[in-house]
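[1] Just a sequence and a predicted model for now, questions to come.
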Amino acid sequence: MSIKENSSKPEYNKPLSGNKLIRAGGIASFMRLPVQDGTKGLDACFVGVPLDIGTSNRSGTRLGPRQIRCESVLLRPCNQATGAKPFESLIVADVGDIGFNTFNLPEACQSIRNAYVKLIGEGCVPLSLGGDHTITYPILQAIKSRHGPVGLIHVDAHADVSDTMLGAKINHGTPFRRALEEELIDPTAVYQIGLRGSSYAPDPNAWQRAKGFCVVSAEECWYKSLAPLMEEVRKRMGNKPVYLSFDIDGLDPGFCPGTGTPEIGGLTPPQALEIIRGCRGLNLVGCDLVEVSPPYDFQGTTALTGANLLFEMLCVLPGVKYHE
């Protein structure tokens, strides 16, 4: 329940403690939170989008949401590093997975968009468990219907701004090209962080720089803290609505091997934490964690990292209280 009967005082949902039920037990919801049908009464929700028909190399991300939920049983409700107390601040639940046609990607995207329009209709902030990066395109379409064009913080090994891949306009390599074309994002408020790898051109990021994107390559992040970068991001974003999209392959495959298009020389988990914690104070209206592919994640490390990063995203949403 989200609101006590005959009372305006919120009744906050709490993750099920490992001291009450063995961690291997219980329903596989995110952090073993209550499962709710719809977002009525919620401030934020975890939602799965088990899509992998937009992948170009190794599939398997359709299994990502379930595995992330399974690994999330290790998480506890307080963030001891930042003092964030999200479950004493926001009413949160897991609203399950989006349904769609797995044999028709454009139709699947339409279903995802329509579902998210309903999810955010009453002001709930969605924290999405992917699924491949195609999902961000229809999610941003829904976000625009409520918030207009948003600022974007995009962590990834790849820019995902291809016009087509094998002639297809919609796939996990094109979401931000489509988003710019449809004015879902403000190009002067886009940061792409962690880009790297071999390419088809000497300057593969020239297109998005020409559009106003700020591109921060992985090499620019080596051996340094990303706290100063996030200070710059906060200044540029100001009070505008912002969306955070985090591809797990932004991290080096030595840390997170369970993904479809791994690239060496990536970010470290502490840098990932710096990026997300650096979003505190921004007007975040949605976040996603995509491209976890359990068939290549034999020890569960990638899904566990993804679960931790989703928890960190919850901790920086507007309205979260901090222990002083």
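    Received, thanks. Numbers count the residues shown, from 1 in each chain.

[2] so where's this protein uncertain?
    Applying pLDDT under 70 to the chain flags the ranges 1-8.

[3] The most centrally placed residue in it and residue 244: what is the separation?
    Central residue of the chain (Cα atoms, centre = their mean): residue 288, 1.5 Å from the mean position. For residue 288, the distance to residue 244 equals 7 Å [Cβ to Cβ, to the nearest Å]. All C-beta spots, glycine's among them, are computed from the backbone N, C-alpha and C.

[4] ditto for residue 88
    Counting by Cβ to Cβ, the gap between residue 88 and residue 244 amounts to 22 Å.

[5] higher neighbour count, these two?
    residue 244 (25 against 14; other Cβ atoms under 10 Å).

[6] before we move on, back to that, on the strand side of things, show who the residue nearest to the centre of the chain bridges to.
    The partner list for residue 288 in beta bridges (DSSP bridges) reads residue 128, residue 245.

[7] which residues sit in contact with it?
    127, 128, 129, 130, 131, 135, 136, 139, 244, 245, 246 (Cβ atoms under 8 Å, 6 or more residues apart in numbering).

[8] Quick one: neighbours of the last one, just the number.
    Using other Cβ under 10 Å, the number of residues around residue 246 comes to 28.

[9] need the contact list for residue 194.
    Here residue 194 is in contact with 155, 156, 157, 216, 217, 218, 221, 250, 251, 266, 267 (Cβ under 8 Å, 6+ apart).

[10] right, and the first one touches residue 249 too?
    No. The pair residue 155 and residue 249 fails to qualify as a contact (Cβ atoms under 8 Å) at a distance of 9.4 Å.

[11] Between these two, tell me which one has more neighbours.
    Taking neighbours as other Cβ under 10 Å, residue 155 and residue 249 compare with residue 249 leading, 30 against 26.

[12] Look up how far residue 133 lies from that one.
    9 Å.

[13] so what's in contact with these two at the same time?
    Counting by Cβ under 8 Å, 6+ apart, the residues touching both residue 249 and residue 133 are 156, 291.

[14] so residue 102 makes contact with residue 109?
    No. Residue 102 lies out of contact with residue 109 (Cβ under 8 Å); the separation is 12.0 Å.

[15] Neighbours of residue 192, how many?
    There are 25 residues near residue 192, going by other Cβ under 10 Å.
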